[in-house]
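Engineer: Generate coordinates for the sequence data below:
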Amino acid sequence: MNKYSVNSFLRSAAVVIFLCLFFDASAQDTIFRKGEKLRFNLYYQWGLLWKKAATATLSANETIYQNNPALHLRLSASTTSFFDNFLKVRDTLHSITTPQLLPLYYSKNTHEGDYKAKDELNYGYANGRTITRARFYRNGELREDTTLIHNNGKKVFDMLSIFYHIRTLNINTLKENQPLTLTVVSGNKPYEVKISFLGDVQLKTPDNKKYNAYKISIILETRKGKKTEREQMEFWMSRDERRVPMQLSGKLPIGSLRAFYEGVE
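Structural biologist: Reported below is the predicted structural model:
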């Protein structure tokens with residue numbers, strides 16, 4: 001699995017993990033608890049071969065940021081010993097938001113083989129605009145310092161805070177032909193995230209259990225010159241009051257990804 005595949009793999013990992021928070025606001029007290037840790041296993045498919053490729057843990061806690069109450073979201077992901085032989089990955093993502101989930105700060109610390117990097121986003125707000133300052137460090141040196149200005153008046157998220165925002169949505173308002181479109185900054189460019197409800201289905205798990213589930217489409221798009229880059233995933237969550245995330249699948253440049261929710265610590 002090459003480096004591009006690993007980066008896409010871990011970005012997809014972030015998506016599946018934070019979709020576990022895709023709940024109505026009324027269910028928040030039964031799903032999200034301060035200090036809670038959520039565990040996930042991710043599997044890589046190449047041809048007929050399925051191999052456990054990575055594990056990931058999500059935690060969320062209250063904190064103080066710039067003398068104000070805030071939320072600290074943390075995602076850590078690491079490849080298994082088998083995939084360590086190809087490219088050892090130890091990535092950690094942090095997101096600081098207001099209690100209302102407005103992004104303030106985001107960082108991604110990357111350790112992939114001998115490669116080390118840190119991406120930082122600082123969010124500012126003025127006159128209906130969102131200003132995102134993106135700084136990128138490679139092996140401890142500042143390589144890029146870019147400012148993005150978003151003038152459309154809509155909220156702009158990072159790769160973690162966006163899914164906490166999604167949990168406040170009513171899934172019944174999402175339709176296949178009328179996707180909800182949100183904006184997220186990843187790296188030094190904005191992405192459009194299109195979320196659609198594909199219907200009620202029966203999901204069969206690897207242990208041959210069957211669950212009534214919601215099926216959801218997630219599409220990430222960005223412009224590159226005259227072309228539009230697109231990544232698409234499908235997600236299933238149980239159709240009950242807990243809305244447990246059951247499975248995510250998506251294509252990678254080489255092979256496919258499938259992720260399963262493992263439990264709560």
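Engineer: mind checking which helix or strand of this structure has the lowest mean pLDDT?
Structural biologist: Sorting the helices and strands of the chain by mean pLDDT, DSSP states H and E puts helix 28-31 at the bottom, at a mean of 41.
Engineer: What degree of burial does the nearest residue to residue 151 once chain neighbours are set aside show, as a neighbour count?
Structural biologist: In space, residue 151 comes closest to residue 129 once its chain neighbours are excluded; the distance is 5.5 Å by Cβ to Cβ, 6 or more residues apart in numbering. For the C-beta atoms, the positions are set from N, CA and C on the backbone; glycine is no exception. Other residues near residue 129 come to 13 when the count uses other Cβ atoms under 10 Å.
Engineer: Isn't residue 129 up against residue 147?
Structural biologist: No: with contacts counted by Cβ atoms under 8 Å, residue 129 stays clear of residue 147, the gap being 11.3 Å.
Engineer: that older thread, can you tell me which residues contact the residue nearest to residue 151?
Structural biologist: Residue 129 makes contacts with 149-151, 153, as judged by Cβ atoms under 8 Å, 6 or more residues apart in numbering.
Engineer: what about the stretch 51-200 of the chain, any weak spots by pLDDT?
Structural biologist: Along the stretch 51-200 of the chain, segments meeting pLDDT under 70 span 164, 166-168, 176.
Engineer: which residues in the stretch 101-250 of the chain form strands?
Structural biologist: 103-112, 115-126, 129-138, 141-150, 156-157, 180-186, 189-204, 210-224, 227-238, 245-251 (DSSP state E, counting those that start in this stretch).
Engineer: want to throw these into CSV with distance to residue 93?
Structural biologist: Compiled in CSV, the strands of the stretch 101-250 of the chain are given as follows (distance: least, Cβ to Cβ, whole Å):
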stretch, distance to residue 93
strand 103-112, 5
strand 115-126, 9
strand 129-138, 15
strand 141-150, 19
strand 156-157, 13
strand 180-186, 11
strand 189-204, 15
strand 210-224, 16
strand 227-238, 17
strand 245-251, 17
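Engineer: Nearest to residue 52, out of those?
Structural biologist: Each of the strands of the stretch 101-250 of the chain has some distance to residue 52 by Cβ to Cβ; the shortest is strand 245-251, at 14.6 Å.
Engineer: so which of the contacts of residue 129 is the most crowded?
Structural biologist: Counting by other Cβ under 10 Å, top hit in these: residue 150 with 17 neighbours.
Engineer: Residue 82 belongs to a strand, doesn't it?
Structural biologist: No: read with DSSP: H, G, I helix; E, B strand; the rest coil, residue 82 is helix and lies in no strand.
Engineer: circling back: I'd like the next helix or strand past the least confident helix or strand of the chain.
Structural biologist: Following helix 28-31 in sequence order, the next helix or strand is strand 37-46 (DSSP states H and E).
Engineer: Any buried residues in the following helix or strand past that next one, and which?
Structural biologist: Downstream of strand 37-46, the first helix or strand assigned by DSSP H and E is strand 49-65. Going by neighbour count (16 or more other Cβ atoms under 10 Å), the buried part of strand 49-65 is 53-58, 60.
Engineer: cool, stretch 200-212 as well?
Structural biologist: Buried-residue list, stretch 200-212, by 16+ other Cβ under 10 Å: 203, 211.
Engineer: got it, and stretch 133-144?
Structural biologist: Quick answer for stretch 133-144 (16+ other Cβ under 10 Å): 134-137.
Engineer: Dump these to a markdown table, plus distance to residue 252.
Structural biologist: Below are those laid out as a markdown table (distance: Cβ to Cβ, whole Å):
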| residue | distance to residue 252 |
| --- | --- |
| 134 | 25 |
| 135 | 28 |
| 136 | 23 |
| 137 | 26 |
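Engineer: Which one of those residues is nearest to residue 113?
Structural biologist: residue 137 (17.0 Å).
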